[in-house]
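>>> 3D model of this:
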Amino acid sequence: MDTMDLQKINFWKRLESFVSNVQINDPMSEEEKDMILNICKEEASAKEIKSVKAVGMGFNINQTQFESLKKWKASLPKIESATIGGAYTYEFTPTSIGLEIKVKRVDGKEIDLTEYEKW
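Numbers count the residues shown, from 1 in each chain. Sure thing, here's the model as predicted:
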């Protein structure tokens, strides 16, 4: 285990210890807020946390692709054993010339919705 791993473990242990001592219904005092902020600052200065930022990424399909997908799904036999919502995997692969879009079903069937003509 390298130094960075040990720093991460130490950080999460300290934070977990602090959080477990705070009652859910208790408002957080300024002292407690400062303690959390100081822990985070210490770790950041040790280059443990380079940045804390929520990053979202999403992909869309257009109406033509959606209609093709609906038609394809309707043409397939019903799947009896699949986890809730887990029958299909949607793959979006951004490339330098366009977005590749494939949908795969748990039984191995697949449709390519990529619009190569727009590349």
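
>>> residue ranges with poor pLDDT in this protein?
Within the chain, the segments meeting pLDDT under 70 span 1-29, 33, 37, 39-57, 81-85.

>>> Mind doing that once more with 90?
1-62, 77-90, 94-99, 106-107, 118-119 (pLDDT under 90).

>>> Using the record's domain definitions, break it down for me.
3-45, 63-118 (automatic domain parsing).

>>> which stretches of this protein form strands?
Here the chain has its strands, by DSSP state E, at 88-94, 99-105, 110-112.

>>> wait, which of those strands is closest to Ile79?
strand 99-105 (7.2 Å; C-beta to C-beta). The C-beta positions use only the backbone N, C-alpha and C, and glycine is treated the same way.

>>> buried residues in the closest one?
Applying a neighbour-count criterion of 16 or more other C-beta atoms under 10 Å, one finds Leu99, Glu100, Ile101, Val103, Arg105 buried in strand 99-105.

>>> which one of these is nearest Pro77?
When the buried residues of strand 99-105 are compared against Pro77 (criterion: C-beta to C-beta), the nearest one is Arg105, at 10.2 Å.

>>> List the buried residues of stretch 106-119.
In terms of neighbour count (16+ other C-beta under 10 Å), stretch 106-119 has its buried residues at Ile111, Leu113, Thr114.
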